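J.: 3D, please:
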Amino acid sequence: MSKLISKDTSSIKNSAIKGIVFDMDYTLIYPGLEFDEVFEKFFGVPHHAVSDKWLGAIYNNPLDKGYEVIMRSFPNINISEAQAKAVSFAIEWAKVHNIYPGCIEFLRALKANSGYKLGLLTNGPSDFQRSIIDFLDIGKYFDVIVVSGDVGVRKPEPEIFKITAKKMQLPPEFLFMVGDALEKEIVPALESGWGAIWIKPSTEQVANNTNNQKNIEEVNLQNLLENSYSMPTEPLTIGWSDIKIESNF
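T.: Down below sits the predicted model:
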């Protein structure tokens, strides 16, 4: 497939700082239980019974806090009750999340390398997403954290990539998006002039090709970044521990 953007990737090697911006859900972390299961156990009703209101609140009112989403979904709940439920539900939802194997070691190695600046870009109500970040203690690895609920726009809107680039204080050609969603993260990143790596992290070593996805035992981060301006045809299915960071890059 042809490239969206023609770039001289040799400049990537010569850049003093490269900004790597990660999606969070299903890129760095994954839930051990489905959202619907946690929702029904907490609220006592199936999520599908209020999903139109719940999702409508999130998509149509991206600045809404968790308690506001709850109030839009359950009109009979008052503010104080909704605020209390939002705090409790955020904790319950955070508690079911896990970090992909090898991810912390990968982030720690990047953080220790002066050639990289790390960002986190995630959609969702700010208090819900930040509860997960705090529970898993991953915020310390990022120089910049952008939550859609804080800025009022969501991926894949181009504006949130502009906001993130400004906060990262790097030009687009030195920014790279790492995410699991092609249309929501990879395509808009490429259209914003960033590099993009489409990844499906594995919870264990990938031994066989599945679902026509690429089986790669080990890759260098440098190679991923240098080849990140082409529209991918399939995600990279690999464990985080199999991405090697070259210390001299």
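
J.: next SSE after the longest helix along the chain?
T.: In the chain, taking DSSP state H as the definition, the longest helix is helix 79-95. Note on helix 79-95: by DSSP states H and E, the next helix or strand toward the C-terminus is strand 97-99.

J.: what's that next one packed up against?
T.: strand 29-31, helix 126-136 (3 or more CB pairs under 8 Å, 6 or more residues apart in numbering; DSSP states H and E). Placement of C-beta: from N, CA and C, glycine included.

J.: Could I get the contacting residues of the spatially closest residue to Pro171 that is not a sequence neighbour?
T.: Sequence neighbours aside, Ala165 is the residue nearest to Pro171 in space, at 7.6 Å (criterion: CB to CB, 6 or more residues apart in numbering). The neighbourhood of Ala165, defined by CB atoms under 8 Å, 6 or more residues apart in numbering, consists of 171-172, 175, 192, 194.

J.: Please pick the buried ones from those residues.
T.: Those of the contacts of Ala165 that meet the buried threshold are 172, 175, 192, 194, by 16 or more other CB atoms under 10 Å.

J.: now, which of these sits nearest Pro232?
T.: Minimum distance to Pro232 across these is 13.5 Å, recorded for Trp194 (CB to CB).

J.: does the closest one really touch Pro158, like I thought?
T.: No: the pair formed by Trp194 and Pro158 falls short of the contact definition of CB atoms under 8 Å, at 11.0 Å.

J.: quick one: low-confidence parts of the chain?
T.: For the chain, the stretches with pLDDT under 70 are 1-15, 204-217, 247-249.

J.: for it, what spans make up the strands?
T.: For the chain, the strands defined by DSSP state E occupy 18-22, 29-31, 97-99, 116-122, 144-147, 175-179, 195-201, 214-215, 219-220, 236-238, 243-244.

J.: partners of the fifth one in the sheet?
T.: Its sheet considered, strand 144-147 pairs with strand 116-122 (parallel) by DSSP bridges.
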